[in-house]
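Visitor: need a 3D model of the sequence below.
(one chain, ligands or ions: 1)
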Amino acid sequence: VNHLLGIKYLQESDIQLIFETADHFKEVINRPIKKVPSLRDITIANIFFENSTRTKLSFELAQKRLSADVISFSSAQSSVKKGETLIDTVNNILAMKVDMVVMRHSSPGASHFLAKHVNASIVNAGDGAHEHPTQALLDSYTIREQLGDVAGKKVLIVGDILHSRVALSNIFALQMQGAEVRVCGPKTLIPKYIDSLNVKVESNLKKALEWCDVANMLRIQNERLDVSYFPSTREYTQQFGLTNELLNELNKDIVIMHPGPINRGVEITTDVADGKHSVILNQVENGVAIRMAVIYLLASKIKN
Ligand code: CP
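Guide: Numbering: from 1, shown residues only. Sure, this is the predicted structure:
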């Protein structure tokens, strides 16, 4: 299939191929000349119906490093505001001879819908609270880089699991590679289906941190929250915020991740986010190589 709609639809061998391809591109983008001519004949549209900094810019950079032609679209400045539908919007973009569409949308399943209804390769850059496959790939790639392998590692995901596409894609990707995953957060922000995913829930952050090799700290997705949600930000920070004091009590090696954007002082303090255990900017750096690999592998299928 010429799409990347979710980690759920990949095999472990697909992930390994993406990582091996990303290894090559990571070496390329560290050269003085960071570009390869591979995709000179491919045109890609990045269409974003939700805000983004990291995903949008790193897809764009990845495509430019591969020499693809790139156009970018933000719904806020588009004719969507005049009532144009998603399908009409994309079909008009495709009429300009575009081969691939990278889309972020607030509705879960939006990229599946698009893949069914238009004739182009679709990459999901985040669909509501459903999946964010390239984020999970770059997260696992960063764990592999830091710890040598993902298999056998204990990975904790902390925070708003209920509204997080990063959590769901990470759970699928990590388990597929043989890691053990636990989540930690307030009951109100843990989805009811978590048991069916073979993921244990831990309510005490310190105990959960004692268990894990890697902790991935998530942001509370205020934009998807009902205002009446419990707990309050202050209560959340007291129980689930990661501080240097807590890390010092653990006195062990631990890899601290965060997909961004960070709410400093809420889910993670500044000294931890910028501290020696943090690989947050490594994640961002790896995002370019991973997205180059994804785009390159999908484009190879279009060309053949
Ligand atoms: N991690 C992530 O998806 O960040 P953006 O929302 O800035 O793209």
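
Visitor: can you list the weak-confidence ranges in the stretch 201-304 of the chain?
Guide: Per-residue confidence for the stretch 201-304 of the chain (pLDDT under 70) gives these ranges: 226-230.

Visitor: near the ligand, which residues of it? Just list them.
Guide: P259, G260, P261 (C-beta under 6 Å from any ligand atom). Where you see a C-beta, it was placed from the backbone N, CA and C, and this is true even at glycine.

Visitor: wait, which of the residues you listed is closest to the ligand?
Guide: P259 (3.9 Å; C-beta to the nearest ligand atom).

Visitor: what does that closest one show for phi and psi?
Guide: phi -70, psi -20 (degrees, to the nearest 10).

Visitor: now do the same contact list for it.
Guide: R54, H132, Q135, D139, V166, N216, L218, R219, Q283 (C-beta atoms under 8 Å, 6 or more residues apart in numbering).

Visitor: for the third one, phi and psi?
Guide: Okay, so that is Q135. phi -70, psi -50.

Visitor: could you check how far it is from D271?
Guide: From Q135 across to D271, the span is 25 Å (C-beta to C-beta, to the nearest Å).

Visitor: more neighbours: those two, which one.
Guide: The neighbour comparison of Q135 against D271 (other C-beta atoms under 10 Å) goes to Q135, with 25 against 14.

Visitor: from what I can see the more buried one touches S169, true?
Guide: Yes. Checked against C-beta atoms under 8 Å, the pair Q135 and S169 is within contact range at 6.3 Å.

Visitor: may I have stretch 141-153 as CSV, with CA atoms only?
Guide: Once non-C-alpha atoms are left out, stretch 141-153 reads as follows in CSV (Å, rounded to 0.1, in the frame of the first residue of the first chain):
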residue,chain,number,x,y,z
TYR,A,141,14.5,5.3,16.5
THR,A,142,15.8,7.6,19.3
ILE,A,143,15.5,4.8,21.9
ARG,A,144,17.4,2.5,19.5
GLU,A,145,20.1,5.2,19.2
GLN,A,146,20.3,5.8,22.9
LEU,A,147,20.1,2.2,24.2
GLY,A,148,21.2,0.1,21.2
ASP,A,149,17.9,-1.7,20.7
VAL,A,150,14.1,-1.3,21.4
ALA,A,151,13.5,-5.0,22.1
GLY,A,152,13.4,-5.8,25.8
LYS,A,153,13.3,-2.2,27.0
